[in-house]
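Peer 1: Next input, structure requested:
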Amino acid sequence: MNSVARSFFWYPKLDADIEELVSNINVCAAMRNNAPQAPFIPWPRTQKPWQRVHIDFCELEGNHFLIMVNAYSKWICAELMSKTTSTKTISVLGSWFVTYGLPVELVSDNGGRVVPKCFC
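Peer 2: Numbering: from 1, shown residues only. Alright, predicted model coming up:
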């Protein structure tokens, strides 16, 4: 439900408002603990470096970082981000790709899977 709502709009405390609304619906409350567990499906093993990299933002003590992990070697790149805009993110990714090479596949939690193109 949260995911569907976020695909149309977002505001602070959206998730909390949805949870409060759902908790007051008897059918939803009765079914809450009956939801089936999704099976754990691991990512397939990569065969070479930079075949697949995963990226995400994280926050530590009020600082925002862009993190990239090479799925093959588990090599981690981290950049302190003054801004988390798409322009700044693309700039940091571009500098990593120039340094380490272009990955075959780039994965992010909200962006899905993409095949990076040249930043030229």
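Peer 1: which residue is nearest the centroid of this protein?
Peer 2: In the chain, the C-alpha nearest the mean C-alpha coordinate belongs to Asp109, at 2.3 Å (Cα atoms, centre = their mean).
Peer 1: Report the mean per-residue pLDDT for the strand or helix carrying Ser91.
Peer 2: Assigning secondary structure by DSSP states H and E places Ser91 in helix 86-100. Helix 86-100 carries an average pLDDT of 93.
Peer 1: With Ser108 as the reference, measure out to the residue located most distally from the centre of the chain.
Peer 2: In terms of distance from the mean C-alpha position of the chain, Asn26 ranks first, at 32.8 Å (Cα atoms, centre = their mean). Separation of Asn26 from Ser108 (Cβ to Cβ, to the nearest Å): 37 Å. Bear in mind the C-beta positions are built from the backbone N, C-alpha and C, glycine included.
Peer 1: In this model His64 seems to touch Glu79, though I could be wrong.
Peer 2: No. Taking contacts as Cβ atoms under 8 Å, Glu79 lies outside contact range of His64: 9.6 Å.
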